[in-house]
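Student: Sequence plus predicted model, see below.
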Amino acid sequence: MSLSSHLQELRRKHKTLSERVEQEMRSPACDDLHIAELKKQKLRLKEQIERLSM
């Protein structure tokens, strides 16, 4: 897998997680721990993207 396609995949996963976080937060039965875990995953992806983009 090339660096470019890997970055694209990471960005796609980050976007998907963002959408899931928003969806979970709108849910009346939202689980704060689950949302926090999703946000951590999203942050890890963002950090990976930034490292690989340098």
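Tutor: Now that the structure is in, tell me what you want to look at.
Student: List the contacts of residue 41.
Tutor: Going by C-beta atoms under 8 Å, 6 or more residues apart in numbering, residue 41 touches residue 17. For the C-beta atoms, the positions are set from N, CA and C on the backbone; glycine is no exception.
Student: okay but residue 25 is in contact with residue 35, surely?
Tutor: Yes - with contact defined as C-beta atoms under 8 Å, residue 25 and residue 35 form a contacting pair (6.3 Å).
Student: Among these two, which residue is more densely surrounded?
Tutor: residue 35 (16 against 11; other C-beta atoms under 10 Å).
Student: Check which helix or strand the more buried one maps to.
Tutor: Under the criterion of DSSP states H and E, residue 35 resides in helix 32-53.
Student: Pull out the buried positions in that helix.
Tutor: Neighbour counts over helix 32-53 (16 or more other C-beta atoms under 10 Å) mark 35, 38, 42, 45 as buried.
Student: Among those, which one sits closest to residue 2?
Tutor: Within the buried residues of helix 32-53, proximity to residue 2 (C-beta to C-beta) peaks at residue 45, which comes in at 18.2 Å.
Student: if I look at that closest one, how far off is residue 28?
Tutor: Per C-beta to C-beta, to the nearest Å, residue 45 is found 27 Å from residue 28.
Student: wait, what's in contact with the closest residue to residue 7 other than its chain neighbours?
Tutor: Once flanking residues are discounted, residue 7 sits nearest to residue 52: 5.7 Å by C-beta to C-beta, 6 or more residues apart in numbering. For residue 52, the contact set (C-beta under 8 Å, 6+ apart) comprises 3, 6-7, 10.
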